[in-house]
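Q: Output the structure for:
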Amino acid sequence: VYFRALVNFTHSIDYSSRLEDPDSEEFREISEAVVDTLESEYYKVPGAQVVNVVFIK
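A: Numbers count the residues shown, from 1 in each chain. Predicted coordinates for the structure are as follows:
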């Protein structure tokens, strides 16, 4: 079973067009932070939990 979530960051991240490029350092840094934060919350849910950032816009 897969679930998809849309997360909005309105003030905590300064947006730049580099965030749209999954190969950019900016995308990787933000993605790692988001994954770490969400996985720490999903750790409380039974079963295997995986978080992936698909895109930032």
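
Q: Would you check how far apart the most far-flung residue of the chain relative to its centre and residue 25 are?
A: What lies farthest from the middle of the chain is residue 46; by C-alpha atoms, centre = their mean that is 20.6 Å. Distance, residue 46 to residue 25, using C-beta to C-beta, to the nearest Å: 35 Å. Glycine gets a C-beta too; all of them are placed from N, C-alpha and C.

Q: Equivalent analysis for residue 51, please.
A: 20 Å.

Q: can you check residue 40 too?
A: To residue 25, residue 40 is 23 Å away according to C-beta to C-beta.

Q: quick one: the strands in the chain?
A: Assigned strands in the chain: none (criterion: DSSP state E).

Q: where are the low-confidence patches of it?
A: Within the chain, not a single segment meets pLDDT under 70.

Q: Do a quick rundown of the helices in it.
A: Secondary structure of the chain (DSSP state H): helices at 25-42.

Q: circling back to that earlier point, between residue 51 and residue 25, which one's more packed in?
A: Shown here are residue 51 and residue 25; by other C-beta atoms under 10 Å, residue 51 has more neighbours (15 against 9).

Q: okay but that one is in contact with residue 35, surely?
A: Yes: assessed by C-beta atoms under 8 Å, residue 51 is found in contact with residue 35 at 4.7 Å.
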